[in-house]
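Undergrad: below is the structure, and that's it, no one-letter string:
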């Protein structure tokens, strides 16, 4: 079917983009891992964790832009396509300015939360004070990626990620291996890479008639329209608080595991990588859902929207079954690739059945997230995430004394399942059960 070709065309580049992220992290660690001190590795880990936590909160710049642009694309509304990109970029630069002005308090707060060893703090601070100047480019890239996905172009974000990561690797190797700059060299590589990705993304806007002088007056009027600003802020607010729920669950999962001892913490960290890999592929499917569902909603074509949802659910089911089979057959082998510590592998084996269930309990959440973003139904996403987070904490606190780490994984599986179930109910209510 033609819709299936569209799904694959949009999903596959997004999967490639996602896969480049962990590869870059591994290469950064490999570079500093040959500098002769474990403190360098810890510094990079602390620095990247800080920026991951901070930037994750502003994911609404990516998803909110896609939500608005995909519908404008479906409605063939060129004015909105122009104006909403400009609005998103303006918000991104304002947020980046605040982050730069607040960089020292933000560092102090982050170090207080993460509590690294005293010997690590100077190196982590060096990394932070360099990479923080990439905030404008990082947030602009969120907007650009969201805009391109909304315009049914997932290849440009893929190439942005590849350009950014390759530049990062080359510059880091140059500064570290040839110039001996240590952690500062890795940080500069990250900084140059993110701006290289931004430049490549901006170059893709050439010839699209987005910044022509003939549109300046009309676009400026629309930028100041209260209704449009309110809509953007509402969508952004819902996604922001939804992201806070995700951060709360993710951070607490790690914290609860650490309180059960280093062995459990290490086992959970390895097993969570299986979920992360699954999420890379399902995020690609979600991105396809954002673009296609948004275009259908923008055209007001409910029949096409239902068809898109049916095909996405079918692809999602197949993807979940494939990953479940791979995990059942190969999860233990994967653990062996990540560590040679037999004790950690034996501990991780105890919880493998919970990981086998992840593709089945989690797939609905990823598919519906894409559809709901495309429909700009962010309030439904926030509601489902709130219920899911409450379920996670409720299950954990109710069963932790009886089931220990099994309760933590049960809580995580129930959290994923509730996200998808609540969104399914909201969809059925919205369309009176006609899926």
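TA: Arrived safely. Remember, predicted model here, so these are calculated numbers, not experimental data.

Undergrad: pretty sure residue 176 contacts residue 182?
TA: Yes. Counting by Cβ atoms under 8 Å, residue 176 touches residue 182, with 6.6 Å between them. (Glycine included, C-beta is placed from N, CA and C.)

Undergrad: more neighbours: the two, which one.
TA: Neighbours per residue (other Cβ atoms under 10 Å) separate residue 176 from residue 182, with residue 176 holding more: 23 against 20.

Undergrad: what about the closest residue in space to residue 185 that isn't next to it in sequence, how many neighbours?
TA: Closest residue to residue 185 apart from its sequence neighbours, by Cβ to Cβ, 6 or more residues apart in numbering: residue 175 at 3.0 Å. Residues near residue 175, counting by other Cβ under 10 Å, number 20.

Undergrad: surely residue 175 meets residue 192?
TA: No. Contact criterion Cβ under 8 Å: residue 175 and residue 192 do not qualify, at 9.1 Å.

Undergrad: who's in contact with the residue nearest to residue 185?
TA: Residue 175 makes contacts with 181, 184, 185, 186, 188, 189, as judged by Cβ atoms under 8 Å, 6 or more residues apart in numbering.

Undergrad: rerun that using 7 Å as the cut-off
TA: 181, 185, 188, 189 (Cβ atoms under 7 Å, 6 or more residues apart in numbering).

Undergrad: how close does it sit to residue 189?
TA: Noted for residue 175: a distance of 6 Å to residue 189, by Cβ to Cβ, to the nearest Å.

Undergrad: pull out the buried residues from stretch 164-173.
TA: 164, 165, 167, 168, 169, 171, 172 (16 or more other Cβ atoms under 10 Å).

Undergrad: these in helices, which ones?
TA: With helices defined by DSSP state H, the entries of the buried residues of stretch 164-173 inside them are 164, 165, 167, 168, 169, 171, 172.

Undergrad: now do the domain split for this structure, please.
TA: 1-224, 238-435 (automatic domain parsing).

Undergrad: between the ones you listed, which one is nearest to residue 230?
TA: domain 1-224 (11.8 Å; Cβ to Cβ).

Undergrad: what is the rounded mean pLDDT of the closest one?
TA: When pLDDT is averaged over domain 1-224, the result is 81.

Undergrad: how about stretch 396-406?
TA: pLDDT averaged over stretch 396-406 gives 91.

Undergrad: same check, this time on stretch 337-344
TA: If you average the pLDDT over stretch 337-344, you get 71.

Undergrad: how about the helices in the stretch 301-435 of the chain?
TA: Under the criterion DSSP state H, counting those that start in this stretch, the stretch 301-435 of the chain carries helices at the ranges 302-338, 342-349, 352-374, 378-403, 405-430.

Undergrad: now these as a markdown table including mean neighbour count and distance to residue 108?
TA: As requested, these are exported to a markdown table (neighbours: other Cβ atoms under 10 Å; distance: least, Cβ to Cβ, whole Å):
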| stretch | mean neighbour count | distance to residue 108 |
| --- | --- | --- |
| helix 302-338 | 16 | 33 |
| helix 342-349 | 16 | 34 |
| helix 352-374 | 24 | 34 |
| helix 378-403 | 18 | 28 |
| helix 405-430 | 20 | 31 |
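
Undergrad: out of those, flag the one nearest residue 276.
TA: In terms of Cβ to Cβ, the element of these nearest to residue 276 is helix 352-374, at 10.5 Å.

Undergrad: helices or strands next to that closest one in the packing?
TA: Where contact means 3 or more Cβ pairs under 7 Å, 6 or more residues apart in numbering; DSSP states H and E, helix 352-374 is packed against helix 60-74, helix 262-299, helix 302-338, helix 378-403, helix 405-430.

Undergrad: now render the ones you listed as JSON lines, adding distance to residue 361.
TA: Shown next, in JSON lines, are the helices and strands packed on helix 352-374 (distance: least, Cβ to Cβ, whole Å):
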{"stretch": "helix 60-74", "distance to residue 361": "22"}
{"stretch": "helix 262-299", "distance to residue 361": "11"}
{"stretch": "helix 302-338", "distance to residue 361": "9"}
{"stretch": "helix 378-403", "distance to residue 361": "11"}
{"stretch": "helix 405-430", "distance to residue 361": "4"}
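
Undergrad: looking at these, which is nearest to residue 152?
TA: helix 262-299 (4.9 Å).

Undergrad: and the angle for that closest one with helix 302-338?
TA: Orientation check (axes from the mean of the first three to the mean of the last three Cα atoms, to 10 degrees): helix 262-299 against helix 302-338 gives 160 degrees.

Undergrad: who's in contact with stretch 405-417?
TA: 249, 253, 256-257, 260, 264, 351, 354, 357-358, 361-362, 365, 388-389, 391-392, 395-396, 399-400, 403.

Undergrad: go again using 6 Å as the cut-off
TA: 256, 260, 264, 351, 354, 357, 361-362, 365, 388, 391-392, 395-396, 399-400 (Cβ atoms under 6 Å, 6 or more residues apart in numbering).

Undergrad: now flag whichever of these is closest to residue 103.
TA: Nearest to residue 103 out of these is residue 256 (Cβ to Cβ; 30.7 Å).

Undergrad: could you find the closest non-adjacent residue to the closest one?
TA: Nearest to residue 256 is residue 408, by Cβ to Cβ, 6+ apart, at 5.4 Å.

Undergrad: please apply the same query to residue 404.
TA: Counting by Cβ to Cβ, 6+ apart, the residue nearest residue 404 is residue 260, at 6.5 Å.

Undergrad: backbone dihedrals for that neighbour, both of them.
TA: With angles defined as degrees, to the nearest 10, residue 260 sits at phi -100, psi 0.

Undergrad: count of neighbours near residue 70?
TA: 30.

Undergrad: all helices for the stretch 51-200 of the chain, in order.
TA: Going by DSSP H, counting those that start in this stretch, the stretch 51-200 of the chain shows helices at 60-74, 78-101, 103-114, 121-131, 135-150, 155-173, 183-203.

Undergrad: quick check: which of those is nearest to residue 419?
TA: Ranking those by distance to residue 419, with Cβ to Cβ as the measure, places helix 60-74 first at 15.1 Å.

Undergrad: good, wrapping up.
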